[in-house]
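Participant: can you look at this prediction? I've put the sequence above it.
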Amino acid sequence: MRWLTAFLGVTILAAVAAVVMVLPRGKSEPTADGSPVASPASSTRSSGSPSATASTQGIPYTDPCGTFDTAMRTPYALSGYWLIPTTDHCTWRRQFAAIHEVGGDTVIRIGWGLQGRRTTEDGQILEKEGEKVDPRYEPCVEDGMPCVAAAERDLKAANPGNRVSWTFVYRTDEAFGDGLFRCPELEHRITIGETVFYRILAPDDGTDDPSCDNIKNRGRGYHLILVAAAAKDSLTELLDLGDRFGVKVFPALPLAPRDPAQSTRASERGTDTLTTLTRRILQDYGDRFANRVSLGGFYQPFELQLRDMKPDHPTLAVYASQHEIVEQEMPGKPILVSPYLDARRRLPFSATPKQVAKGFEALARTGVGIIAPQDSRGTGKVGLFWPDQRNDRVDDRLRPVVGETTNGTAYHGSTRDYYREMAAARARMVEQGYNVQLWANVEAFEPSTEEPCASRTGTRGRTDKKRLDTAVTQVGRYVSKIVSYMWSDFFTCGSPSLAEEITRDSDRPIPVDAVRMPRDIQDGVEIRGYNIPLGSKVTIIWDGQQEPKVAEVAGVDLTPPPPDLPERIRTAWIPFDWTRVPQDTWVRIEVVSPDGRAAAEPLHVRVNL
């Protein structure tokens, strides 16, 4: 995916060597094939989602943008979404209302990057390519001279040995308070029309002086950070909406400069300056937002591929640095990161599920609180399939990415294989004292442009609810929360839009797990998932069977789901004699709602008795 985003995994024991699914009585053991396995019943339940309570409890309210209903009407398995910044403040309200209506309780902001820039001789900031003056920063003028030249003039006036050794730019639609500044004599706002520029000075040795003293007493080099911001603070508005709708907001931290030689990595040059800017912003947040319930945490938007990484990886250093600042300035607020997966066998840089698990552990060691790997189905880098489907042809929509081939030839493993290994890695890290959650970031788009949404979505087209349901089935057993990239534009384009599809079909069954579960003296199966009420029918099918076994759900919520699953997952139980199934046979478990709607994806399990 492009930017991204989520989850606590189920506690996993050691994987068995054979690619089989074992459903023993009352015991849970994950398998190497990624299919559902038996899990012990639990008397307690916890959720890794950042639950929020709407203060209005569904009471409509009216403001200049219209009347908005804060009720959650059609909750779906996805409970968080990325949002693209917008200049239309009424759009924020409409998006929050629509997201909350389909069960969203989390909004993650896409942000901007810190960039080092060259300047002209007179102090004009050039565009990233270094050829033309950047029109965004050209209006910044103080005393008739460009802001860069004015900053250097003021530095030299404080001490002739001072100089601007490097210039950085950062853009945002936020407005900051005075907590951004250390030396108000030399750091300040510059208001030009509707844009407010912030001038920040950071010593180029990586330190951050608490006052003006060193600027006057010592001559040295400084990095100038020129922030192009807004007159009205978008984050205050988003947090107000979060309070109104009961939604947690994750604003984006500054994105690290990219390594010019390898753009997928953070640049080691400039990391100290990023640290300074992050600290200043977080201190300002602490002054203004320390007690805001709707501030859920912070999103670090610099993506990296999840794979086995060396401890000195520069992007990991950025994560660790920003985590330390957040812990100091806003304790208790986690950093969320959303790395991507690449399972394509033909590529030398792809990674197996176990290599991805190593990468998860490396991320956890940086101190980030939430790792929300992109499922990478939208980009075609991973496929949605079961172990007994490895020889099947890949989904038609994936062929532009991997060609005419089979699932097993195209990919090292399926989405379920990767999340199973990451859940096991998360369990190991929790045992070592790392407070890390595993979420899933389900991509709401397709690799092709058959159904494009907007020019900014590039080659990506929208997906459909059936594919989203299938992705939830694949990841839902292993994570504590499922979020999606992204609301605008993939959920809002087309007719009907994906959001409208969800609203009309939000209560279709979505099974995510099956366990062998006797009750009293009767053998049976417990199905965990979404929307499986009394009256639902379950069909159990295997090759060689004379006729499918059909049973009606006999009880719901007879046992609570295991801890660390998404909070909307429930349990349903049916009687079934597992001794009827031949050993080592793959079994499909299909679920149909009382009104006849079938789940998009059946569960595939393999049984040893």
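Facilitator: Alright, I've got the coordinates.
Participant: immediately after the helix or strand of the chain with the lowest mean pLDDT, which helix or strand?
Facilitator: Counting by mean pLDDT, DSSP states H and E, the weakest-scoring helix or strand in the chain turns out to be strand 61-63, with a mean of 82. Next along the chain after strand 61-63, taking DSSP states H and E as the criterion, comes strand 66-68.
Participant: tell me which strands that next one pairs with, and in which orientation.
Facilitator: Partners of strand 66-68 in the sheet, by DSSP bridges, are strand 61-63 (antiparallel).
Participant: distance from the chain centre to the partner strand, please.
Facilitator: Taking Cα atoms, centre = their mean, to the nearest Å, one finds the center of strand 61-63 at 30 Å from the center of the full chain.
Participant: what about the strands in the stretch 351-500 of the chain?
Facilitator: Counting by DSSP state E, counting those that start in this stretch, the segments of the stretch 351-500 of the chain that form strands are 370-371, 437-438, 440-443, 445-446, 461-462, 482-485.
Participant: which elements pack onto the fifth one?
Facilitator: Applying 3 or more Cβ pairs under 8 Å, 6 or more residues apart in numbering; DSSP states H and E, we find strand 461-462 packed against strand 445-446. Using the backbone N, CA and C atoms, a C-beta is placed for each residue, glycine as well.
Participant: list the helices and strands the strand it packs on packs on?
Facilitator: Strand 445-446 packs on strand 461-462, going by 3+ Cβ pairs under 8 Å, 6+ apart.
Participant: how many residues are close by the residue nearest to Pro160 when sequence neighbours are not counted?
Facilitator: Spatially, and ignoring its direct neighbours in sequence, Pro160 is nearest to Gly219 (6.5 Å; Cβ to Cβ, 6 or more residues apart in numbering). Neighbours of Gly219 under the rule other Cβ atoms under 10 Å: 15.
Participant: could I get the strands of the stretch 351-500 of the chain as JSON lines with mean pLDDT?
Facilitator: Listed next are the strands of the stretch 351-500 of the chain as JSON lines, based on pLDDT from 0 to 100:
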{"stretch": "strand 370-371", "mean pLDDT": "98"}
{"stretch": "strand 437-438", "mean pLDDT": "98"}
{"stretch": "strand 440-443", "mean pLDDT": "98"}
{"stretch": "strand 445-446", "mean pLDDT": "94"}
{"stretch": "strand 461-462", "mean pLDDT": "86"}
{"stretch": "strand 482-485", "mean pLDDT": "97"}
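Participant: skipping adjacent residues, who's closest to Tyr411 in space?
Facilitator: In space, Tyr411 is closest to Ala343, 4.2 Å off (Cβ to Cβ, 6+ apart).
Participant: might one say that the one you found is in contact with Thr409?
Facilitator: No - contact criterion Cβ atoms under 8 Å: Ala343 and Thr409 do not qualify, at 11.7 Å.
Participant: who's more crowded, those two?
Facilitator: Ranked by neighbour count (other Cβ under 10 Å), Ala343 and Thr409 place Ala343 first, with 24 against 14.
Participant: any idea how far Glu421 is from Thr415?
Facilitator: 11 Å (Cβ to Cβ, to the nearest Å).
Participant: do the same with Ala343
Facilitator: 12 Å.
Participant: what does Phe491 give?
Facilitator: Between Phe491 and Glu421 the computed distance is 29 Å (Cβ to Cβ).
Participant: contacts only, for Tyr530.
Facilitator: Ala77, Val472, Gly476, Pro509, Ile510, Val512, Arg568, Ile569, Arg570 (Cβ atoms under 8 Å, 6 or more residues apart in numbering).
Participant: out of these, who's nearest Pro353?
Facilitator: Gly476 (17.3 Å; Cβ to Cβ).
Participant: can you name the residues that contact the closest residue to that closest one other than its chain neighbours?
Facilitator: Take Gly476 and drop its neighbours on the chain: the residue closest to it by Cβ to Cβ, 6+ apart is Val512, 3.2 Å away. By Cβ under 8 Å, 6+ apart, the residues touching Val512 are Pro36, Val472, Thr473, Val475, Gly476, Arg477, Arg528, Gly529, Tyr530, Ile569, Leu603.
Participant: what do you get for Thr492?
Facilitator: Taking Cβ under 8 Å, 6+ apart, we find Thr492 in contact with Ala98, Cys453, Leu498, Ala499.
Participant: what is the most widely separated pair among the contacts of Tyr530?
Facilitator: So, those by Cβ to Cβ: farthest apart are Val472 and Arg570, at 13.9 Å.
Participant: more neighbours: which of these two?
Facilitator: Neighbour comparison, Val472 and Arg570: the larger count goes to Val472, with 26 against 17 (by other Cβ under 10 Å).
Participant: now Arg346, what's its secondary structure?
Facilitator: coil (DSSP: H, G, I helix; E, B strand; the rest coil).
Participant: and Val515, that's in a strand?
Facilitator: Yes - counting by three-state DSSP, Val515 is found in a strand.
Participant: isn't it up against Arg528?
Facilitator: Yes - judged on Cβ under 8 Å, Val515 makes contact with Arg528 at a distance of 7.4 Å.
Participant: comparing these two, which residue is more hemmed in?
Facilitator: Neighbours per residue (other Cβ under 10 Å) separate Val515 from Arg528, with Val515 holding more: 26 against 23.
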